[in-house]
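1. Fold the following and give me the result.
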Amino acid sequence: MSTHEPPTDRDGSPAPTGADSPSRSAAVSAPGTPGAPGAPGTATIAVPGPSPSSDGEVGAEGDRGAEGEAGADDDHGGGRRWSRDLLWIAAVCVVVLLVVNAFVVRPFAVPSGSMEGTLRPGDRVLVNQLAYAFGGHPQRGDVVVFDGIGSFLPYQDEPSGLKRLLTGAGLAPAGDTVYVKRVIGVGGDRITCCGTDGRLKVNGVPLDESAYLLPGDAPSAVPFDIVVPDGKLWMMGDHRSASRDSRDHLGEPGGGAVPEDKVIGRADWVMFPLGRATSLDRPAAFAAIEGTGGHGEQR
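-> Predicted coordinates:
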């Protein structure tokens, strides 16, 4: 039956239209009995069907279902895109962190009290690995972190290339070969201790160490008179009575001096504990030694 034509009765005549037309009901006469719907002998059977309002409601539910599925797909797609973006961001952050850790700034923990009262056990310091990267040299008074293999550990073998790579990238612990000390003398310096005044001298100039030496400590209980070889550094801790430093290796290969190329970087900041956060500036007393020798300076 075409939806563009009005429904017809069983005899083919046009069905009544307008207000008199039955609403979605079929009038079926009893067999052999003529009559109008509702007359005696006529059975009226209402055939239920979806009303226009029901049709509209069903259509609305179907539309909403389709929209809901599309929205769910969009949500899933957006969630997957967001997850991929997060993974990319995390990967970039990891790469940047590794590059910074390997070549720029690297954290180290202070394991002992050999640098008290400048550094305490458990302090975390940030080491500037670019401080001497472009032709610069460690300066007297700098606090530096260095690898002691070949100087403080003269008989220990160098680690494998892979271990050096992993350690340099911060993916493996530095181990017990890494030290933090203060540079007292550079290549060419003559360092003596201690004269009648009880002070350490660099190139004949008495050094005022009151700004960093642990109160109550003497500059050194071990007398020495050395000339630092070119390209090497004389290292001492600020807690002299508790520091194993260049003085303790005078009779060993290298004489206790540390090669410059073993310096990992300059300790520039204490970052933890937060209550002790500070910069590690070069003490002003070392300015009195400038121009007296070292690094090719004329005495």
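2. Now do the same contact list for residue 141.
-> 182, 183, 282, 283, 285, 286 (Cβ atoms under 8 Å, 6 or more residues apart in numbering). For glycine as for every other residue, the C-beta is placed from the backbone atoms N, C-alpha and C.
3. Please save the CA atoms from stretch 132-150 in PDB.
-> What follows is stretch 132-150, C-alpha atoms only, in PDB (Å, rounded to 0.1, in the frame of the first residue of the first chain):
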ATOM      1  CA  TYR A 132      85.400  24.000  31.900                       C
ATOM      2  CA  ALA A 133      84.000  22.600  28.600                       C
ATOM      3  CA  PHE A 134      85.200  25.400  26.200                       C
ATOM      4  CA  GLY A 135      88.900  25.800  27.000                       C
ATOM      5  CA  GLY A 136      88.400  26.800  30.600                       C
ATOM      6  CA  HIS A 137      90.400  25.500  33.600                       C
ATOM      7  CA  PRO A 138      89.500  24.700  37.200                       C
ATOM      8  CA  GLN A 139      90.400  27.700  39.300                       C
ATOM      9  CA  ARG A 140      91.800  27.800  42.800                       C
ATOM     10  CA  GLY A 141      89.000  27.800  45.300                       C
ATOM     11  CA  ASP A 142      86.600  25.900  43.100                       C
ATOM     12  CA  VAL A 143      84.700  22.900  44.600                       C
ATOM     13  CA  VAL A 144      84.900  20.200  42.000                       C
ATOM     14  CA  VAL A 145      83.700  16.600  41.500                       C
ATOM     15  CA  PHE A 146      86.200  14.300  39.900                       C
ATOM     16  CA  ASP A 147      87.000  10.700  39.200                       C
ATOM     17  CA  GLY A 148      89.900   9.500  41.400                       C
ATOM     18  CA  ILE A 149      91.100   6.600  39.200                       C
ATOM     19  CA  GLY A 150      94.700   7.200  38.500                       C
END
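4. neighbours around residue 149, how many?
-> The burial count assigned to residue 149 is 18, neighbours taken as other Cβ atoms under 10 Å.
5. Run through the residues that contact it.
-> Contacts of residue 149 (Cβ under 8 Å, 6+ apart): 156, 157, 158, 177, 262.
6. for residue 241, same thing?
-> Per Cβ under 8 Å, 6+ apart, neighbours of residue 241: 214, 217, 218, 221.
7. ok so it is a strand residue?
-> No. Per DSSP: H, G, I helix; E, B strand; the rest coil, residue 241 lies outside any strand segment and is helix.
8. so where is the stretch 151-299 of the chain shaky, pLDDT-wise?
-> 159-175, 295-299 (pLDDT under 70).
9. where exactly do the strands run in it?
-> Per DSSP state E, counting those that start in this stretch, the stretch 151-299 of the chain carries strands over the ranges 178-186, 190-193, 201-202, 205-206, 224-227, 232-236, 258-259, 263-272, 278-279.
10. which two from the contacts of residue 141 end up farthest apart in space?
-> 183 and 285 (13.1 Å; Cβ to Cβ).
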